[in-house]
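**Q** how would this look folded up:
(one chain, ligands or ions: 1)
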Amino acid sequence: MSIKGSYISIKTLTDDHLEKFMNCSFKFYYQDILKAVKQQYDWFQITQYVVNQIVKQFFEIHPKTRSLFTLFHLIDWKWRRVGVNVFESKRHYYEVTAKMTDHLLKMLMDHKNLQHPLFLYEKFRVFNEEIGIHLSMVFDVGEWTNQSYILRKFLVSDKMEVVEAFKHMAIVVSRTAFQKLPEKMEFYSVLSGKVYEYFPTENDYKDSLNYLLLVKEVMKEPSNYIKNSPDRRCASCPLYVDCQNVGKQEFTVRRKLN
Ligand code: SF4
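**A** Numbering: from 1, shown residues only. Below is the predicted model of the structure:
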């Protein structure tokens with residue numbers, strides 16, 4: 001199976017595009033590029049939305065009043081609006097609730113003394129001359145250091161492809177926006193509890209430029225939009241039925257990117 005069609009023009013690449021493309025480019029193509037199926041938010045996107053709200057509100061509270069108790073109530077207050085029915089099953093809902101709560105409590109309490117975040121869920125849009133497109137990314141929490149700054153992102157995804165893609169985009173966007181690389185970047189996976197740390201250098205900047213140039217080229221070609229191997233997001237995908245009829249094909253795009 002391959003999608004046939006004319007080249008796709010890429011003018012702006014966002015972190016949201018990148019995550020969707022890495023997760024299932026087939027769905028991304030029909031839902032976001034062709035807009036042939038209705039946007040339908042799945043459990044993963046809803047969880048990410050709620051996590052963003054929890055992290056943002058936690059750092060808006062004065063450091064002196066940030067405690068395990070206030071954080072637990074904040075999580076409980078935000079999460080109780082999420083319906084069980086967006087998940088695969090009740091068991092899946094409780095599984096996500098337990099992991100997300102447990103890991104967020106630990107991850108956020110580790111930074112409870114952060115005084116004035118450099119930025120909090122701020123979107124940066126830059127034009128990168130070398131890649132020739134606009135790049136747009138939300139930096140969740142930024143912190144000044146003596147020499148530079150630290151960038152942090154809190155993700156529901158724990159796919160290495162997504163973390164790597166975000167790392168490359170964060171390097172290029174921050175370097176283009178501030179003319180200076182962050183001293184450190186941290187990616188927190190709120191479901192697995194893993195933390196990925198990077199200390200970018202100027203050589204990494206060149207690698208990240210090359211990575212994004214390749215992504216741009218791959219995204220232009222419709223035949224590169226291929227369905228992913230089934231995962232827990234498939235059950236709520238609007239293409240689920242059509243997708244069963246599509247021939248199995250290896251995810252060649254992802255292999256090229258790695
Ligand atoms: S059902 Fe799964 S594999 Fe198929 S398009 Fe949707 S997300 Fe992709």
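**Q** Name the residue most distant from the centre of the chain?
**A** residue 64 (30.0 Å; CA atoms, centre = their mean).
**Q** burial count for residue 44?
**A** By other CB atoms under 10 Å, the residues close to residue 44 number 20. For glycine as for every other residue, the C-beta is placed from the backbone atoms N, C-alpha and C.
**Q** Just list the residues touching it, thanks.
**A** Residues near residue 44 by CB atoms under 8 Å, 6 or more residues apart in numbering: 156, 157, 232, 233.
**Q** For the last one, give me the pLDDT.
**A** Looking at residue 233, its pLDDT stands at 89.
**Q** What residues does the stretch 1-150 of the chain have near the ligand?
**A** Contact residues, the stretch 1-150 of the chain versus the ligand (CB under 6 Å from any ligand atom): 24, 26, 27.
**Q** now the helices for the stretch 51-200 of the chain?
**A** Taking DSSP state H, counting those that start in this stretch, the helices of the stretch 51-200 of the chain run over residues 68-79, 90-109, 160-178.
**Q** CA atoms of the last one as PDB?
**A** In PDB, the C-alpha atoms belonging to helix 160-178 read as follows (Å, rounded to 0.1, in the frame of the first residue of the first chain):
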ATOM      1  CA  MET A 160      12.100   7.000  21.400                       C
ATOM      2  CA  GLU A 161      11.400   8.300  17.900                       C
ATOM      3  CA  VAL A 162       9.200  11.000  19.400                       C
ATOM      4  CA  VAL A 163      11.700  12.000  22.100                       C
ATOM      5  CA  GLU A 164      14.500  12.100  19.500                       C
ATOM      6  CA  ALA A 165      12.400  14.100  17.100                       C
ATOM      7  CA  PHE A 166      11.500  16.600  19.900                       C
ATOM      8  CA  LYS A 167      15.100  16.800  20.900                       C
ATOM      9  CA  HIS A 168      16.200  17.800  17.400                       C
ATOM     10  CA  MET A 169      13.400  20.300  17.100                       C
ATOM     11  CA  ALA A 170      14.100  21.900  20.500                       C
ATOM     12  CA  ILE A 171      17.800  22.300  19.600                       C
ATOM     13  CA  VAL A 172      17.000  24.000  16.300                       C
ATOM     14  CA  VAL A 173      14.200  26.200  17.600                       C
ATOM     15  CA  SER A 174      16.000  27.300  20.800                       C
ATOM     16  CA  ARG A 175      19.200  28.000  19.000                       C
ATOM     17  CA  THR A 176      17.400  30.000  16.300                       C
ATOM     18  CA  ALA A 177      15.300  31.900  18.700                       C
ATOM     19  CA  PHE A 178      17.900  32.700  21.400                       C
END
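**Q** what comes into contact with that helix?
**A** Against helix 160-178 from outside (CB under 8 Å, 6+ apart): 13, 15, 18-19, 22-23, 124, 126-128, 131, 135-137, 139, 149, 151, 153, 155, 157, 180-182, 185, 187, 189, 196, 198, 200, 204-205, 207-209, 211-212, 215, 254, 257-258.
**Q** now, which of these lie within strands?
**A** Using DSSP state E, 13, 124, 126-128, 135-137, 139, 149, 151, 153, 155, 185, 187, 189, 196, 198 are the members of the contacts of helix 160-178 that sit in strands.
**Q** So in the protein, where's the weakest helix or strand by average pLDDT?
**A** Across the helices and strands of the chain, mean pLDDT, DSSP states H and E gives its lowest value to helix 252-257, namely a mean of 34.
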